[in-house]
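Colleague: Just the structure for this:
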Amino acid sequence: MLRIYSQSLGCAKTRVDTERLLGSLGPVLTVDDPLEADLVFINTCAFIAPAVQESVQTVLEMVEDLSELPKSRRPFFAVAGCLPGRYGIGDLSSELPEVDLWLHTDDIDTWAEQLCKALKIDMPAPGRLLSTGPSYAWLKIGEGCRHNCSFCAIPSIRGRYTSEAPEKLVTEASALIADGVKELILVAQDVTAYGTDFGKDPRFLLEKLLQLDGLERLRLLYLYPGGLTSDLLKFLSEAGKPFVPYFDMPLQHAHPDILRKMGRPFSGNPQEAVDRIRKWFPEAALRTTMMVGFPGETEEHFRTLRDFVEKNRFHHMGVFAYQPEEGTEAAEMEGQLDDELKEWRKDALMELQSGISEDILSQYEGQRLEILVDETSEEWPGLHMGRAWFQAPEVDGITYVSGPGVETGAIVEADITETREYDLIALA
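Modeller: Numbering: from 1, shown residues only. Here you go, the predicted structure:
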């Protein structure tokens, strides 16, 4: 049995790529120590400069660790993902000859085949090796991006948007549910773009997934504002369970001047997108991401953003300080802001959001909610970590839950006894 040590850096889409690859290598045993592996696999991220630095550092540290072994005992070392996708295999190979195989994002469909050939093993049927536990799984429904935001390198790394085949996704989703997964989380750079490359829209896939027996929650992440049309929202409002009325809509900013400079596909009035969702889903949980310090952002632009956040009261919000990315249009723009000012604006916006989040969560105190239990606490026997319907894994807060019947993978009803800034305390 092939012993594999793997690391997946960056977003959930990268994690799915890793899980699909490992599940396509036949019976494998995952190990915690790379020195005990037959194969070391690192799937990298290179979306922004800090991610590039983390990926390079991770690879360099692995090279150093593996150098402790004699050549005859060293595992096969493969590096995949956005790092070779962004910088090319040629230059990386010459800089890091210790890596046995580089896997480019353009060749993602052949990663398993390339590895099996290099390891001289037969290639079994495609599969999936989950790393998230039994409660939830990500389902990547598309690759690349159809937009050209001036600050983003993803189209140059991952290419234009391509939808995954619906039949393949339904088969994969069915297998995950059969293995006990309760919640599927659809991810792509833009979930609303699904099907547009073959004359359809997301409803074409959603209709199939919503009918799957055993699915308790279906959550959609990364929804571009322009793609959340009234037709799609009407469809979702009529779908009912297992659809979760949680909308992750990365707005990035609220001032039209900045949105236009960003090249956002919906740059007129972001308020319209928020109002459209709340027309169909008055009680929806909204999540967004905002970017501060974009070139040319003035105090007036930032004040507009603050007012927008204060007015709309998002359940969850991530804030990023703009960083110029090599090869992007925004990196060459005039009006680059001082790093200290960007960090100040980031902190100020997050301070505003923390108060909003704390206030929203306080309204759930005393309510009885369904909690999907993700994992057990290593620090407190009997305590588990889970999520209410308005909490997505890894990006939002969590619910600490204990009581009879609480176990990993279960959905339990629990009373919310205490609320905090981002988390809940519950008793089943």
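
Colleague: What does the closest residue to Leu9 other than its chain neighbours show for phi and psi?
Modeller: For Leu9, the nearest residue in space outside its immediate sequence neighbours is Cys45; the separation is 4.5 Å by C-beta to C-beta, 6 or more residues apart in numbering. For every residue, glycine as well, the C-beta is placed using N, CA and C. Geometry field for Cys45 lists phi and psi as phi -120, psi 140, criterion degrees, to the nearest 10.

Colleague: Kindly report the same for Phe47.
Modeller: Its backbone dihedrals place Phe47 at phi -70, psi -40, with angles given as degrees, to the nearest 10.

Colleague: about what we covered before: can you pull the pLDDT of the residue nearest to Leu9?
Modeller: Residue-level confidence at Cys45 comes out at 96, pLDDT.

Colleague: That one: how many residues sit nearby?
Modeller: The number of residues packed near Cys45 is 23, by other C-beta atoms under 10 Å.

Colleague: hang on, isn't it packed against Cys11?
Modeller: Yes - applying C-beta atoms under 8 Å as the test, Cys45 and Cys11 come out as touching, 6.9 Å apart.

Colleague: picking that back up, please give me every residue in contact with the residue nearest to Leu9.
Modeller: 9-11, 14, 51-52, 54-55, 81-83 (C-beta atoms under 8 Å, 6 or more residues apart in numbering).

Colleague: Try it again at 10 Å.
Modeller: 8-11, 13-14, 51-52, 54-55, 58, 81-83, 85-86, 157 (C-beta atoms under 10 Å, 6 or more residues apart in numbering).

Colleague: Looking at those residues, which are in strands?
Modeller: 8, 81 (DSSP state E).

Colleague: Ile416: helix or strand, and which one exactly?
Modeller: Under the criterion DSSP states H and E, the helix or strand holding Ile416 is strand 411-419.

Colleague: likewise Ala118?
Modeller: Of the helices and strands defined by DSSP H and E, Ala118 is found in helix 111-119.

Colleague: Next secondary structure after that helix?
Modeller: Proceeding N to C from helix 111-119, the next assigned helix or strand is strand 136-140, under DSSP H and E.

Colleague: what's the offset of that following strand from the middle of its chain?
Modeller: Taking the mean C-alpha point of strand 136-140 and that of its whole chain, the gap between them comes to 9 Å (C-alpha atoms, centre = their mean, to the nearest Å).

Colleague: Then stretch 180-199?
Modeller: On the basis of C-alpha atoms, centre = their mean, stretch 180-199 sits 12 Å off its chain's mean C-alpha point.

Colleague: tell me the mean pLDDT over it?
Modeller: Averaged across stretch 180-199, the pLDDT comes to 96.

Colleague: Could you do stretch 415-428 as well?
Modeller: Averaged across stretch 415-428, pLDDT comes to 97.

Colleague: what sits against the residue lying closest to Met249 once chain neighbours are set aside?
Modeller: Excluding its sequence neighbours, the residue lying closest to Met249 (C-beta to C-beta, 6+ apart) is Leu223, at 5.0 Å. If a contact means C-beta under 10 Å, 6+ apart, then Leu223 has 186, 188, 190-193, 202, 232, 246-250, 273, 277, 287-288 as its contacts.

Colleague: Could you pick out the buried ones from those residues?
Modeller: A residue is treated as buried here by neighbour count (16 or more other C-beta atoms under 10 Å); on that basis the buried members of the contacts of Leu223 are 186, 188, 190-193, 202, 232, 246-250, 273, 277, 287-288.

Colleague: where in the stretch 251-400 of the chain is pLDDT low?
Modeller: For the stretch 251-400 of the chain, the stretches with pLDDT under 70 are 267.

Colleague: if you set the cut-off to 90 instead, what comes out?
Modeller: Counting by pLDDT under 90, the stretch 251-400 of the chain has low-confidence residues at 264-269, 378-381.

Colleague: need the longest helix for this structure.
Modeller: Secondary structure of the chain read by DSSP state H shows that its longest helix is helix 339-362.

Colleague: Against which helices or strands is the very next helix or strand once past it packed?
Modeller: Per DSSP H and E, the first helix or strand lying C-terminal to helix 339-362 is strand 368-376. Contacting strand 368-376 under the criterion 3 or more C-beta pairs under 10 Å, 6 or more residues apart in numbering; DSSP states H and E are the following elements: strand 384-387, strand 399-402, strand 411-419, strand 424-427.

Colleague: Pull up the pairing partners for strand 368-376, direction included.
Modeller: Taking DSSP bridges as the criterion, strand 368-376 forms sheet pairs with strand 384-387 (antiparallel), strand 411-419 (antiparallel).

Colleague: can you redo the helices and strands packed on strand 368-376 as a markdown table with distance to Thr30 and mean neighbour count?
Modeller: Below are the helices and strands packed on strand 368-376 laid out as a markdown table (distance: least, C-beta to C-beta, whole Å; neighbours: other C-beta atoms under 10 Å):
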| stretch | distance to Thr30 | mean neighbour count |
| --- | --- | --- |
| strand 384-387 | 22 | 23 |
| strand 399-402 | 28 | 23 |
| strand 411-419 | 27 | 17 |
| strand 424-427 | 32 | 21 |
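
Colleague: of all those, which lies closest to Asp347?
Modeller: strand 411-419 (23.1 Å; C-beta to C-beta).

Colleague: what's the closest non-adjacent residue to Asp339?
Modeller: Leaving aside its sequence neighbours, Asp339 is closest to Ala321 (7.5 Å, by C-beta to C-beta, 6+ apart).

Colleague: burial measure for the one you found, as a count.
Modeller: Neighbour count for Ala321, taken as other C-beta under 10 Å: 18.

Colleague: how about the strands in the stretch 101-250 of the chain?
Modeller: Assignment of strands within the stretch 101-250 of the chain using DSSP state E, counting those that start in this stretch yields the ranges 101-104, 136-140, 142-143, 162-163, 183-187, 217-220, 243-248.

Colleague: okay if I get the ones you listed as a markdown table plus distance to Glu379?
Modeller: As requested, these are arranged in a markdown table below (distance: least, C-beta to C-beta, whole Å):
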| stretch | distance to Glu379 |
| --- | --- |
| strand 101-104 | 37 |
| strand 136-140 | 22 |
| strand 142-143 | 38 |
| strand 162-163 | 42 |
| strand 183-187 | 25 |
| strand 217-220 | 27 |
| strand 243-248 | 28 |
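
Colleague: separation between Ala178 and Leu129?
Modeller: Computed as C-beta to C-beta, to the nearest Å, the Ala178 to Leu129 distance reads 15 Å.

Colleague: neighbour count winner among these two?
Modeller: Set Ala178 next to Leu129 and count neighbours by other C-beta under 10 Å: Leu129 wins out with 16 against 11.
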